[in-house]
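Enquirer: let me see the structure of the following:
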Amino acid sequence: MKLKGTEARCHELEQHVWGTEDKSHYEELRAMGKDAVADVIAKVDETSKNDGVDGPRRDALVNLATALAEAQREFMFAHRAGDRVKRDLDREPDKLSNDEVDAVMSLRAHAKLEKLYKLDAGNLSHEANALAVLCALDRLEVARGLPKHLKLYAIADEFELLFGVGIPDVPEDANKKLVPGTWLKFLSTTAAAAGHPVSDKVKAPRERDALAWAGMLLGFADKLKADVEGIEPATDLGKVVTVVEHRLEAGFSAEKAAEATLKKPATAAPKK
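Expert: Okay, the predicted model is just below:
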């Protein structure tokens, strides 16, 4: 269903930009080809030119569309790099070392994401910020399933950008493993910086990891919540941001509820 939804949106964009559906245009859009991206941005410019609402902010719209396209292209390369490593883990472990090394540069690249996050787009700045947070959430999905040392390469820079946490020391050689505890410490620090620290009463590493991840995600929800009030709720982006915010909050609540059940003392069996 997700794939079909993505395909449908690409075809809809084809119609808006070129007035027809064409396989080459579709493939260029999916690959974030430079010509296709340029055509999309030109269409944004042309459409906003004589619009009563968007005309006065035409330059901001073009800058936002450009920054978003660049951030998505940057993410695309990180996604591909992460997928190669995950494939090697499952199917070709003998290739893992080389692909881990090759993946580091793409996984750590975040300059375009930072540009979008900090973009001054006038009265569209809330949209720009929310789109950057959504892009950062996509990067979390890339990190899932990666070895822990590569998780850090994938998301440490964005956590520093969003929450101001310091990046821990990671090996210069991507084949080397982390010092034990580095990932959990960093994730816990991030959750605390996001305003949702893990209680010191939680001692088991697995439970701390789950709660820190949930707290970090709630930090993302907080950032979206801060932007959603500045986004027109009837727009597609307004609806998406609201839904994602609520899902992240629900995920945190579910994790806390699961933690609470673990703390409950076992009920004594009734005497016969």
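Enquirer: hey, let's count contacts and neighbours off CA atoms from now on
Expert: OK.
Enquirer: show the subsequent helix or strand relative to the helix or strand of the chain with the lowest mean pLDDT.
Expert: For the chain, counting by mean pLDDT, DSSP states H and E, helix 96-108 ranks last in confidence among helices and strands (a mean of 81). Using DSSP states H and E, the helix or strand that follows helix 96-108 in sequence is helix 111-117.
Enquirer: buried by neighbour count: which residues of that following helix qualify?
Expert: For helix 111-117, burial by neighbour count (16 or more other C-alpha atoms under 10 Å) applies to 112-117.
Enquirer: pLDDT added to the residues you listed, as a markdown table?
Expert: Formatted as a markdown table, those follow (pLDDT from 0 to 100):
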| residue | pLDDT |
| --- | --- |
| Lys112 | 97 |
| Leu113 | 97 |
| Glu114 | 97 |
| Lys115 | 97 |
| Leu116 | 97 |
| Tyr117 | 97 |
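Enquirer: please convert those to a markdown table, extending it with distance to Asp39.
Expert: Shown next, in a markdown table, are the buried residues of helix 111-117 (distance: C-alpha to C-alpha, whole Å):
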| residue | distance to Asp39 |
| --- | --- |
| Lys112 | 20 |
| Leu113 | 21 |
| Glu114 | 24 |
| Lys115 | 21 |
| Leu116 | 20 |
| Tyr117 | 23 |
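Enquirer: what does the least confident helix or strand of the chain contact?
Expert: For helix 96-108, the external contacting residues (C-alpha atoms under 8 Å, 6 or more residues apart in numbering) are 74, 77-79, 81-82, 84-85, 88-89, 150, 153-155, 157, 173-175.
Enquirer: those residues in strands, which ones?
Expert: Assigned to strands by DSSP state E, none of the contacts of helix 96-108 qualify.
Enquirer: give me the buried subset of those residues.
Expert: Buried among those (16+ other C-alpha under 10 Å): 74, 77-79, 81-82, 84-85, 88-89, 150, 153-155, 157, 174.
Enquirer: out of the residues you listed, which is nearest to Ser188?
Expert: Closest to Ser188 out of those is Ile155 (13.8 Å), distances taken as C-alpha to C-alpha.
Enquirer: doesn't Ala143 make contact with that closest one?
Expert: Yes - using C-alpha atoms under 8 Å, Ile155 is in contact with Ala143, at 7.0 Å.
Enquirer: tell me where the stretch 51-200 of the chain has helices.
Expert: Taking DSSP state H, counting those that start in this stretch as the criterion, the stretch 51-200 of the chain carries its helices at 58-90, 96-108, 111-117, 125-143, 148-163, 182-193.
Enquirer: now do the first one: which elements does it pack against?
Expert: In terms of contacts (3 or more C-alpha pairs under 8 Å, 6 or more residues apart in numbering; DSSP states H and E), helix 58-90 is packed against helix 34-49, helix 96-108, helix 111-117, helix 125-143.
Enquirer: mind putting the ones you listed into a markdown table with distance to His196?
Expert: Output for those, formatted as a markdown table (distance: least, C-alpha to C-alpha, whole Å):
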| stretch | distance to His196 |
| --- | --- |
| helix 34-49 | 39 |
| helix 96-108 | 25 |
| helix 111-117 | 22 |
| helix 125-143 | 17 |
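Enquirer: point out where the stretch 151-272 of the chain drops to low pLDDT.
Expert: The model of the stretch 151-272 of the chain has pLDDT under 70 over residues 172-175, 262-272.
Enquirer: burial measure for the residue lying closest to Leu178 once chain neighbours are set aside, as a count.
Expert: The shortest distance from Leu178 to any non-neighbouring residue, by C-alpha to C-alpha, 6 or more residues apart in numbering, is to His149 (5.6 Å). Other residues lying near His149 total 19 when counted by other C-alpha atoms under 10 Å.
Enquirer: pLDDT score for His149?
Expert: For His149, the pLDDT comes out at 80.
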